[in-house]
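Student: pasting the sequence and the predicted model now:
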Amino acid sequence: MFNFIKTPVFGYLLLASTLLAASPANSKPVKNIVLVHGAYADGSSWSRVTPLLQAAGYNVTAVQQPLSSIQDDVTKTNAALGQIDGPIVLVGHSFGGVVITQAAYNNPKISALVYVAAFAPDFNQSAIELIMKYPIPPAAGSFVTDSQGRQTLLKDKFVQYFCPDVKSICGVLATAQGPSDQGRYIYQSGPPAWKQHPSYYVVAGNDQIINPQLEADTAVKIKAVKTIKVAGSSHAVLVSHPQVVADIIMEAANAKK
Ligand SMILES: *[C@@H]1O[C@H](CO)[C@@H](O)[C@H](O)[C@H]1NC(C)=O
Ligand SMILES: *[C@@H]1O[C@H](CO)[C@@H](O)[C@H](O)[C@H]1NC(C)=O
């Protein structure tokens, strides 16, 4: 009955293909989407993307991050992932990209990663190292530090730099921004999950928080399956162009790993 397994190599191949076929990330359609917001933000960053995904039948979770450290954010994200059977598309905006790069590592429930104007550091790389390779973004110098050492982006500067293309709601986002620890800039990434999972990227063409060229180069570095550049978009591309962001997330969910 097993005489077609002629060599150990064939045996391994057969075993490998059986395991792949049986793994949850490959056999079931992706119904779960977990959204991770960035720094100077909160879960409401996703308030325009979420209903589009829900209307398409997805089970959406927007993680509310403590922003006290990358490690704390990863712990919170892992807790959310732990609640869900999988397979899962994990999405990160901005500093959320650093978080998903850690949280999805060696997690077999993850079927794809989507980076939205996000950092995707390599092993041992920090966000500041990436930022310093490019001209300093316009928003630098517009941050204030509170008595606990947490940073916020000044409200008027927030409207100027973070979401100038969605002025109607930008003031709301500015008031809801979570004060963020400064250590996240020098946090060195662990082994990156984007080397393990198919990844997608959205470049915000007129981003004044993260250099758009850094974003475009990041998409190349992580060998993104698909990259969309939204010309003229601010850093808040998920708020100003929610359909574009929802569409690439759904494309990632529909793709076979
Ligand atoms: C939907 O996501 C929640 C977590 O937000 C999880 O508890 C639940 O099990 C998920 N539902 C399905 C059908 O996977
Ligand atoms: C990352 O840093 C650790 C500790 O310094 C080192 O052992 C390891 O070789 C580094 N890995 C890479 C890929 O740079």
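Tutor: Alright, I've got the coordinates. Numbers count the residues shown, from 1 in each chain. Ligands and ions are numbered 1, 2, ... in the order given.
Student: endpoints of stretch 103-120, how far apart?
Tutor: Terminal residues of stretch 103-120 lie 12 Å apart, using Cα to Cα, to the nearest Å.
Student: buried sites along that stretch?
Tutor: Across stretch 103-120, burial judged by 16 or more other Cβ atoms under 10 Å covers 103-105, 107, 109-120. C-beta here means a position set from N, CA and C on the backbone, and glycine is covered the same way.
Student: same thing with stretch 168-178?
Tutor: By neighbour count on 16+ other Cβ under 10 Å, the buried set for stretch 168-178 is 170, 173-174, 177-178.
Student: now the end-to-end length of stretch 50-70.
Tutor: Between the opening and closing residues of stretch 50-70 lies a distance of 24 Å (Cα to Cα).
Student: cool, stretch 171-187 as well?
Tutor: Using Cα to Cα, one end of stretch 171-187 lies 29 Å from the other.
Student: just use 28 as the starting number from now, easier for me
Tutor: New numbering, starting at 28: the last item is stretch 198-214.
Student: average model confidence for that stretch?
Tutor: Mean pLDDT, computed over stretch 198-214, is 96.
Student: next: stretch 127-147.
Tutor: Per-residue scores along stretch 127-147 average to 98.
Student: which one of the buried residues of stretch 130-147 is nearest to ligand 1?
Tutor: For those, the minimum distance to ligand 1 (Cβ to the nearest ligand atom) is 10.7 Å, reached by Lys136.
Student: next, count neighbours for the residue nearest to the closest one when sequence neighbours are not counted.
Tutor: Once flanking residues are discounted, Lys136 sits nearest to Gly113: 3.1 Å by Cβ to Cβ, 6 or more residues apart in numbering. Using other Cβ atoms under 10 Å, Gly113 has 17 other residues around it.
Student: also Ala279?
Tutor: Neighbours of Ala279 (other Cβ under 10 Å): 24.
Student: ligand 1 contacts on the stretch 78-227 of the chain?
Tutor: Listed as neighbours of ligand 1 in the stretch 78-227 of the chain under the rule Cβ under 6 Å from any ligand atom: 86, 88, 110-112.
Student: name the nearest residue to the residue most central in space within the chain, sequence neighbours excluded.
Tutor: Computing the C-alpha centroid of the chain and ranking residues by Cα atoms, centre = their mean puts Gly119 first, at 1.6 Å. Leaving aside its chain neighbours, Gly119 sits nearest to Ile127 (3.8 Å; criterion: Cβ to Cβ, 6+ apart).
Student: after the helix or strand containing that neighbour comes which helix or strand?
Tutor: Using DSSP states H and E, Ile127 falls within helix 123-130. Next in sequence after helix 123-130, counting helices and strands by DSSP H and E, comes strand 137-143.
Student: show me what that following strand is packed up against.
Tutor: helix 51-54, strand 115-120, helix 123-130, strand 226-231, helix 269-281 (3 or more Cβ pairs under 8 Å, 6 or more residues apart in numbering; DSSP states H and E).
Student: now the third one, how far from the centre of its chain.
Tutor: Its chain's C-alpha centre and that of helix 123-130 lie 6 Å apart, by Cα atoms, centre = their mean, to the nearest Å.
Student: pretty sure the residue nearest to Lys136 sits in a helix.
Tutor: No. Read with DSSP: H, G, I helix; E, B strand; the rest coil, Gly113 is coil and lies in no helix.
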